[in-house]
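# Provide a 3D model corresponding to the input given below.
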Amino acid sequence: MEIFMSLHAVEQARERGISINEIKEVIQKGAKFPQDEEKTVSIYRHIKVISKKVNGKYFVITVMIRKEENGK
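Okay, here's the model as predicted:
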């Protein structure tokens, strides 16, 4: 799987200690929900990734740690 990342996503992943392999795993295995017509939210384990497909590759817009349901 080939991905490319926005500068924002690279910075967020680095700050949060999330590796490229973890991002790929979220996109491959995670539950997927549309954010809008172009973007997809993928959630797996404790990570959430916002991406969109461009020419068959995944463009990662941002990466975050998923919050628990009770807001913690």
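# only C-alpha atoms for contact and neighbour calcs from this point on.
OK.
# mind checking pLDDT for Lys72?
On pLDDT, Lys72 comes in at 50.
# and the residue nearest the centre of the chain, bridged to which residues?
The chain has Val49 as the residue nearest its centroid, 1.6 Å off, counting by Cα atoms, centre = their mean. Note on Val49: beta-bridge partners by DSSP bridges are Ser42, Val63.
# That one is in contact with Val60, isn't it?
Yes. Assessed by Cα atoms under 8 Å, Val49 is found in contact with Val60 at 7.1 Å.
# residue contacts, the closest residue in space to Tyr44 that isn't next to it in sequence?
With sequence-adjacent residues excluded and distances taken as Cα to Cα, 6 or more residues apart in numbering, Tyr44 is closest to Gly30, at 4.4 Å. Under the criterion of Cα atoms under 8 Å, 6 or more residues apart in numbering, the neighbours of Gly30 are Ser42, Ile43, Tyr44, Arg45.
# same thing but 10 Å
Ile23, Lys24, Val41, Ser42, Ile43, Tyr44, Arg45, Ile47, Lys48, Val49 (Cα atoms under 10 Å, 6 or more residues apart in numbering).
# Phe33 now?
Lys39, Thr40, Val41, Ser42, Ile43, Ile50.
# And those residues, which of them are buried?
By neighbour count, with 16 or more other Cα atoms under 10 Å, the contacts of Phe33 hold Lys39, Thr40, Val41, Ser42, Ile43, Ile50 as buried.
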